[in-house]
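A.B. asks: structure of the sequence below:
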Amino acid sequence: MDPVKAQILFYISTLTVLGIVLGLTLFWSVRTFATTKGFEKEIEPTSGKIDIIDLLFALAIILFFYANTVTLYQNSMNPVDAPPIEKTDTTLSGTILNNIIFLIIGGLVFSFASIIRGRNANQVFGLKTISFGRILKWGLGAMVPVYIILVLGNFITQLIIPSKERVPEMQEIVQTMITNSDITIRIALLFSAVIVAPVVEEIIFRGYIYPILKRYSHRFFAGFMTSLLFAVVHGHVEGLIPLMFLAIILTFCYEITGSILVPVLIHALFNGINSCFILISSHG
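C.D. replies: Residues are numbered from 1 along each chain as shown. You can find the predicted model right below:
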């Protein structure tokens, strides 16, 4: 990655982590020392069985993401000593292994949030909150506002980043889908983009981190910081604002419906549509 862009990601991710920690501290202070019951009631988060253990685990996940960004930044600052992680060839076995590892991580978070803590997964993630028909309606209906707000996000990005600096760096999965003609690898990458990534990322961000931050702060603060973290984790400077806007929509839909299946479907449709455009353009 370009050192300047890696530095930008590092600074933003650092501010994100500090913002989360300081925000949680501020809300804790307000709840502890506030004397106005009306104000306390106003900022009171949704009740539940979320406790300090969940908060510590969520912070550990956030710090893990931050450590990856720090590593990326250090490697970009020392290109001679750093391994060429962005130049490695994608193989079928490597893609399958990545999918398995990603699914294991998602499974661990899912299990910790529900089974391990003695909770009902259906209640924690809202798996049976709404019908399949409503999930489908939400998923399809969200596509229009999703792409409208992404256009707005791209427009803002163009205003912020000078044209001479605006040289988009394609993510490895996009590069592979364009340049690699191996159908098996493309299928594995599509499976990763349309199934694995939406399920795992929504479980971690909307299903776990967001409710915990909301429990100890406020839904608006939790929604914004979770969305910013989601965007930073993807490691794409040009996509920071659009991805943050996408994450805000995903969080909003999850907050309204109470079902993690809704943002999972929206996320899957979004990735699926983009993947189709990538494949079509690669043959164009």
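A.B. asks: looking at the protein, which helix or strand is least sure?
C.D. replies: Taking mean pLDDT, DSSP states H and E as the measure, the helices and strands of the chain show their lowest mean at helix 37-43, namely a mean of 51.
A.B. asks: Ile260 and Asn154: what is the separation?
C.D. replies: Look at Ile260 and Asn154: by CB to CB, to the nearest Å, they are 27 Å apart. (C-beta placed from N, C-alpha, C; glycine too.)
A.B. asks: looking at those two, which is more packed in?
C.D. replies: For Ile260 versus Asn154, the count of surrounding residues by other CB atoms under 10 Å is larger for Ile260: 25 against 15.
A.B. asks: so the more buried one touches Phe125, yeah?
C.D. replies: Yes. Taking CB atoms under 8 Å as the contact criterion, Ile260 and Phe125 are neighbours in contact, 4.3 Å apart.
A.B. asks: shared neighbours of the two, anything?
C.D. replies: Between them, Ile260 and Phe125 share these contacting residues under CB atoms under 8 Å, 6 or more residues apart in numbering: Ile203, Gly207.
A.B. asks: and Phe191, how many neighbours?
C.D. replies: The number of residues packed around Phe191, counting by other CB under 10 Å, is 14.
A.B. asks: show me where the stretch 1-150 of the chain has its helices.
C.D. replies: When secondary structure is read from DSSP state H, counting those that start in this stretch, the stretch 1-150 of the chain shows helices at 3-33, 37-43, 52-77, 92-113, 121-125, 132-141, 143-160.
A.B. asks: check contacts around Asn274.
C.D. replies: For Asn274, the contact set (CB under 8 Å, 6+ apart) comprises Ala193.
A.B. asks: which stretches of the protein aren't confidently modelled?
C.D. replies: Regions of the chain meeting the criterion pLDDT under 70 cover residues 1, 35-48, 79-89, 162-176, 178, 282-284.
A.B. asks: and the most centrally placed residue in it, what element?
C.D. replies: Centroid-nearest residue in the chain, with CA atoms, centre = their mean: Phe230, separated by 3.1 Å. Under the criterion DSSP states H and E, the helix or strand holding Phe230 is helix 219-233.
A.B. asks: ok, residues contacting that helix?
C.D. replies: Helix 219-233 is contacted from outside by 9, 12-13, 16, 19-20, 23, 27, 45-46, 62, 65, 68-69, 201, 205-206, 209-211, 213-214, 239-241, 243-245, 247-248, 250-252, 255, using CB under 8 Å, 6+ apart.
A.B. asks: for PyMOL, what selects the buried ones among those residues?
C.D. replies: Restricted to the buried members of the contacts of helix 219-233, where burial is judged by 16 or more other CB atoms under 10 Å, the PyMOL selection command reads as follows:
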select buried, resi 9+12+13+16+20+23+27+45+62+65+69+201+205+206+209+210+211+213+214+239+240+241+243+244+245+247+248+250+251+252+255
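A.B. asks: now the nearest residue in space to Pro3 that is not next to it in sequence: how far from Met244?
C.D. replies: Leaving aside its sequence neighbours, Pro3 sits nearest to Ser76 (CB to CB, 6 or more residues apart in numbering; 4.5 Å). Computed as CB to CB, the Ser76 to Met244 distance reads 22 Å.
A.B. asks: ok, now Phe224?
C.D. replies: Counting by CB to CB, the separation of Phe224 from Met244 is 8 Å.
A.B. asks: same deal with Ser93?
C.D. replies: Where Met244 is concerned, Ser93 sits at a distance of 34 Å (CB to CB).
A.B. asks: what ranges does the stretch 151-284 of the chain have for its helices?
C.D. replies: Counting by DSSP H, counting those that start in this stretch, the helices of the stretch 151-284 of the chain are 172-179, 183-191, 197-204, 210-215, 219-233, 240-257, 261-283.
A.B. asks: circling back: for the helix holding Phe230, buried residues please.
C.D. replies: Those buried within helix 219-233 under the rule 16+ other CB under 10 Å are 219, 221-233.
A.B. asks: and what of stretch 117-126?
C.D. replies: Arg119, Ala121, Val124, Phe125, Gly126.
A.B. asks: also stretch 193-208?
C.D. replies: Residues of stretch 193-208 classed as buried: 193-208 (neighbour count, 16+ other CB under 10 Å).
A.B. asks: between those residues, which is closest to Ala113?
C.D. replies: Each of the buried residues of stretch 193-208 was scored against Ala113 by CB to CB, and Tyr208 proved nearest at 5.1 Å.
A.B. asks: quick check: that closest one touching Val109?
C.D. replies: Yes. At 5.5 Å, Tyr208 counts as touching Val109 under the criterion of CB under 8 Å.
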